[in-house]
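1. heads up, no residue letters with this:
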């Protein structure tokens, strides 16, 4: 009898410890996102806390042909993707509309939903880098082994500080947990077709 009571007591103790561990793990997972945002903001990597949406291109925007700004393009993939810009850099005038293409290949044998998050260097250039169109505004639904070219249409605000001669636009492409319904519908309408990457 005493052995059964002892075993029952040990089981209750073990169950209590497991419940505490589960609660702590849940709390950690819940707190991780805001904690990560705080770290990014403290280190000047606060691209996740900044709004990065489409802007209207005013056709009356004056192009400053007296200035050249070099835009460098970078790409990083978190997961089994091939992801890169079609050009490594371009020179633009502030106020001039420009387009760059990024290429992605889903190297997996399954459908995925992925998202690109931008970052900028120097950090203060972010507010002057205006995107008219960007694949980063929504999730991308990719079919197995699909290759796709995706545009970024942008201009540099003429108010960019004159000491900034070079801006680096970097994207990190990663898989997201659930397929966004909009991205899934878009892929279905397009038949999952992408442009071939050579």
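-> Looks like it came in fine. Since the model is a prediction, treat every value here as computed from it, not as a measurement.

2. and the strands in the chain, which stretches?
-> Per DSSP state E, the chain carries strands over the ranges 69-78, 81-85, 89-92, 98-106, 112-121, 129-134, 140-142, 147-156, 166-175.

3. deepest of those strands, which one?
-> strand 140-142 (a mean of 24; mean count of other Cβ atoms under 10 Å). Backbone N, C-alpha and C define where each C-beta goes, glycine included.

4. so residue 102 touches residue 152, yeah?
-> Yes - the pair residue 102 / residue 152 is scored as a contact, 6.7 Å apart, by Cβ atoms under 8 Å.

5. which neighbours do these two share?
-> residue 135 (Cβ atoms under 8 Å, 6 or more residues apart in numbering).

6. go through the strands of the chain and name the closest to residue 26.
-> strand 166-175 (22.6 Å; Cβ to Cβ).

7. outside of that closest one, which residues touch it?
-> Under Cβ under 8 Å, 6+ apart, the answer for strand 166-175 is 69-79, 81, 83, 102, 104, 112-122, 125, 129, 136, 152, 156.

8. excluding its backbone neighbours, what's nearest the most centrally placed residue in the chain?
-> For the chain, the residue sitting closest to the mean C-alpha position, by Cα atoms, centre = their mean, is residue 117 at 1.6 Å. Among residues not flanking residue 117 along the chain, residue 172 sits closest, at 5.2 Å (Cβ to Cβ, 6 or more residues apart in numbering).

9. who's the one you found bridged to?
-> Here residue 172 sits in beta bridges with residue 76, residue 117, going by DSSP bridges.

10. tell me the domain boundaries of this structure?
-> Following automatic domain parsing, the chain resolves into domains at 1-49, 53-190.

11. possible to save those as JSON lines with mean pLDDT?
-> Converted to JSON lines, the domains of the chain look like this (pLDDT from 0 to 100):
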{"stretch": "domain 1-49", "mean pLDDT": "72"}
{"stretch": "domain 53-190", "mean pLDDT": "86"}
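
12. which one is residue 108 nearest to, not counting chain neighbours?
-> residue 80 (5.3 Å).

13. give me the number of residues near the one you found?
-> 12 (other Cβ atoms under 10 Å).

14. isn't it right next to residue 105, touching?
-> No - between residue 80 and residue 105 there is no contact, the gap being 9.4 Å when judged by Cβ under 8 Å.

15. show me what contacts the residue nearest to residue 108?
-> Applying Cβ under 8 Å, 6+ apart, the residues near residue 80 are 106-108.

16. how far away is residue 174 from residue 115?
-> 7 Å (Cβ to Cβ, to the nearest Å).

17. please read the previous query as pertaining to residue 78.
-> Residue 78 is 10 Å from residue 115, by Cβ to Cβ.
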